[in-house]
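Novice: show me how the following folds:
(one chain, ligands or ions: 6)
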Amino acid sequence: MLRQVLAAAVLAGYALLSTFAVGPAPGQIKNLVTFGDSYTDIDAHADGGIMWPVFAAQDGNFDLFPFAKSGATCSNNLTSRSAPSVFESQLPSYFAAKANGSLAQLKPEDTIYTLWIGTNDVGVGELLTGGQTPGVTVVDTVTCAVNWVKTMYDSGARNFIFQNMIPLETTPLYSANSWPSRYWTTQRNTTEWSIFMKELTTSGNTIAKLQLQALAPTLHGAHIGLFDSHSLFADMFARPQLYLNGTAPLNVTGAVHACVFQLNESTSDPGVCTDATGTDQDSFLWFDELHPSVQAERVVAKAISDVTHRRSENWITWLS
Ligand SMILES: *[C@@H]1O[C@H](CO)[C@@H](O)[C@H](O)[C@H]1NC(C)=O
Ligand SMILES: *[C@@H]1O[C@H](CO)[C@@H](O)[C@H](O)[C@H]1NC(C)=O
Ligand SMILES: *[C@@H]1O[C@H](CO)[C@@H](O)[C@H](O)[C@H]1NC(C)=O
Ligand SMILES: *[C@@H]1O[C@H](CO)[C@@H](O)[C@H](O)[C@H]1NC(C)=O
Ligand SMILES: *[C@@H]1O[C@H](CO)[C@@H](O)[C@H](O)[C@H]1NC(C)=O
Ligand SMILES: *[C@@H]1O[C@H](CO)[C@@H](O)[C@H](O)[C@H]1NC(C)=O
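Specialist: Ligands and ions are numbered 1, 2, ... in the order given. Presented below is the predicted three-dimensional model:
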């Protein structure tokens, strides 16, 4: 009798643990569902090769369900672009697929949902250069991203990783030592861009953290991880020898595929490109003026699969 009571208590304990513990249990997650922009779109190959969700699915033995689309912002209401935004396109695609039964294998308890967004929201053509819907600020774009968690939770999702913005001011496009590139060729003060970008990424990430901390206790039974892409990329920038392993000198200021344009030149021109090839490519933090390299993507993938399986707590804070 005592043994039965004990066994029941232990079982109840496990059930309680898995419901109330912080973060998913090791081995719990089997499916990875990704939302975001070109940093996560597995078809656009913005790193010139394989993207992090594909590496993460291999590392973590996850089935991958990719919804991220290159060029996306959180919402076209706020920062309008022709690309498929999270709220007007990616979420509707997900809900349509869910409704027609093609996502039947996604059980809430063994599925984790990720969002990595913001690069285009704060970038050229939007907040940085004033192209957003009048009156919209980084408070709105970040609130939108955090609202993705709530929207997914309301539809039944329970496990989340929210990937914050990298220090975009260290990309070739937004650094003070920038050159005219396919992303921007008109006159600008690169120092001012870099300062403003740092303001946007750091304040945006702080807003996201505070909002997620406030949201987490209200979503019962959810596990929400804040993945600190910002610190990870800052560390790769500061200590590349820990992450980059190519055969060229380590390089965090240039790019695998760096193309210099003339001032005012059409951005659809090819530019004058310098390309690293073969194993030299793994020496670079950036693939081009805006995107991480394949080696940086491998680092992100390993970190995400490790934190999801609780092999590591590096770069993640489980808020619930
Ligand atoms: C975008 O605007 C439409 C129309 O006002 C509104 O129905 C929708 O909820 C808005 N979406 C977001 C993400 O704010
Ligand atoms: C289900 O919906 C998704 C998204 O609209 C679509 O891509 C897919 O082809 C549909 N599948 C079936 C079996 O209808
Ligand atoms: C660019 O902006 C920086 C910071 O505001 C300023 O110090 C510098 O003088 C500006 N450069 C030019 C060429 O205007
Ligand atoms: C660098 O390390 C990754 C694993 O992170 C490996 O897949 C890749 O082949 C390595 N690159 C080189 C040039 O050795
Ligand atoms: C980094 O790469 C760029 C090409 O994008 C090159 O011009 C630069 O010399 C490299 N820097 C170092 C330190 O190798
Ligand atoms: C670039 O375009 C701007 C605005 O049209 C013009 O003021 C500037 O002189 C042009 N510079 C060059 C180098 O063509």
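Novice: enumerate the residues of the chain near ligand 5.
Specialist: Proximity of the chain to ligand 5, by C-beta under 6 Å from any ligand atom, involves residues 249, 251, 253-255, 258, 274. Where C-beta positions appear, they are placed from N, C-alpha and C, glycine not excepted.
Novice: can I have the buried ones of those residues as a ChimeraX selection?
Specialist: Listed next is the ChimeraX selection for buried residues among the residues of the chain next to ligand 5, using 16 or more other C-beta atoms under 10 Å:
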select :251,254,255,258
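Novice: for the residues of the chain next to ligand 5, which one is nearest Thr186?
Specialist: Ala258 (19.0 Å; C-beta to C-beta).
Novice: isn't there a strand covering the closest one?
Specialist: Yes: according to DSSP: H, G, I helix; E, B strand; the rest coil, the state of Ala258 is that of a strand.
Novice: just to check, it is in contact with Cys273?
Specialist: Yes: the criterion here is C-beta atoms under 8 Å, and Ala258 meets it with Cys273 at 6.6 Å.
Novice: the residue of the chain at minimum distance from ligand 3: neighbouring residues, count only.
Specialist: Taking C-beta to the nearest ligand atom, ligand 3 has its nearest neighbour within the chain at Asn189, 3.6 Å off. For Asn189, the count of nearby residues is 10 (other C-beta atoms under 10 Å).
Novice: backbone dihedrals for Met51, both of them.
Specialist: The phi/psi pair for Met51 (degrees, to the nearest 10) reads phi -100, psi 160.
Novice: please renumber so the chain begins at 547
Specialist: I'll keep to 547 as the first residue from here, and by that count the last item is Met597.
Novice: and it, what does it touch?
Specialist: 586-588, 591, 843 (C-beta atoms under 8 Å, 6 or more residues apart in numbering).
Novice: need phi/psi at the spatially most central residue of the chain.
Specialist: Nearest to the mean C-alpha position of the chain, by C-alpha atoms, centre = their mean, lies Trp662 at 2.5 Å. Trp662 adopts backbone torsions of phi -130, psi 100, taken as degrees, to the nearest 10.
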